[in-house]
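K.L.:
Turn this into a model:
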Amino acid sequence: MFHDLKDNMVWLLAMSSIPILFQDEHKIIVEKPSGLLVHRSSKSSDKRFLLQELRNQLGQHLYPVHRLDRGVSGVMVFGLSSEAVPSLQDSLTRGSKDYLALVMGRVDSPFRVDRELTNEQGLAQPALSEVEPLEVYSKTSLVRVRITTGRHHQIRRHLSSEAHAILGDTTHGKGRINAFFREELGLNRIFLHAWKLRLGEQEWESSLPQGLEDVLMRLRHLEQNQKSDEQARCVPLLP
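P.N.:
From the prediction side, this is the model:
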């Protein structure tokens, strides 16, 4: 039904700018698009990065405070000086980050995953993810995930360990199910979005991208059709 297209957001950046939610003398809060690495990586041959795009857009250097994976969209904070970064990282540790994720399986009640995760150097680090269902479908769920730690692939690894892999996750998810959502519902990326970020008393929010809203609309329509079919099968035939 849908073409298997790669996210073309990087190409579109040539004609658009990164949305800015807030800026003061110490920091800038932006909305990261899906399909773009935050900064240069030895593991990637990408030529465009969020840091580079923002630097060109603002005409000044910026300094990452935290990371979002390439496929993840949503709210991010950057320091406007290297001196501002430690304070911002401390505020982020005392604050919180909320994500929206569409996951496999029914999540009928909130739960916590308090499990150490090893970093890229093999060192075990504490990690806590708090999961709350927002919409529950027959075989999938839309959930809010709150984290205060920010370990490598934390949400993706924690949810996968609880049999609730994120749809569209090609590393920790299920290929057959991802293929169904790609072909039937048009999900061409991981369904993980950095929704809200809190620093102290301040909070910023990034709306769910239209592409993910469209996937939810198609999913709700599919669910409604399935319920209608089931109800029709249960209606006794007239004599």
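K.L.:
So for stretch 57-75, mean pLDDT?
P.N.:
Taken as a whole, stretch 57-75 carries a mean pLDDT of 94.
K.L.:
Which parts of it count as buried, going by neighbours?
P.N.:
For stretch 57-75, a neighbour-count test (16 or more other Cβ atoms under 10 Å) marks 58, 62-66, 68-75 as buried. All C-beta atoms are positioned from the backbone trio N, CA, C, and that covers glycine.
K.L.:
can I see the domain layout of this protein?
P.N.:
7-94, 96-232 (automatic domain parsing).
K.L.:
hey, least reliable of the ones you listed by pLDDT?
P.N.:
Mean pLDDT per stretch puts domain 7-94 lowest among these, at a mean of 85.
K.L.:
next one: stretch 177-195 to chain centre, how far?
P.N.:
11 Å (Cα atoms, centre = their mean, to the nearest Å).
K.L.:
Helix, strand, or coil at residue 159?
P.N.:
Following DSSP: H, G, I helix; E, B strand; the rest coil, residue 159 is assigned to helix.
K.L.:
Show the contacting residues for residue 115.
P.N.:
127, 158, 161 (Cβ atoms under 8 Å, 6 or more residues apart in numbering).
K.L.:
hmm, back to that, out of the buried residues of stretch 57-75, list just those in strands.
P.N.:
Among those, the members found in strands (DSSP state E) are 63, 64, 73, 74, 75.
K.L.:
Of those, which is the nearest to residue 213?
P.N.:
Relative to residue 213, the closest of those is residue 73; by Cβ to Cβ it sits at 11.9 Å.
K.L.:
Quick check: bridge partners of that closest one?
P.N.:
Here residue 73 sits in beta bridges with residue 193, going by DSSP bridges.
K.L.:
Give me the longest helix you can find in this structure.
P.N.:
Longest helix in the chain, counting residues (DSSP state H): helix 210-234.
K.L.:
Now restrict the contacts of residue 115 to buried residues only.
P.N.:
127, 158.
K.L.:
out of the contacts of residue 115, who's nearest residue 101?
P.N.:
residue 158 (10.6 Å).
K.L.:
thinking that closest one is in contact with residue 127, fair?
P.N.:
Yes - at 6.9 Å, residue 158 counts as touching residue 127 under the criterion of Cβ atoms under 8 Å.
K.L.:
okay, how far is it across stretch 99-115, tip to tip?
P.N.:
Distance between the two ends of stretch 99-115: 18 Å, counting by Cα to Cα, to the nearest Å.
K.L.:
buried stuff in that stretch?
P.N.:
Within stretch 99-115, the residues that qualify as buried are 99, 100, 101, 102, 103, 104, 107, 113, counting by 16+ other Cβ under 10 Å.
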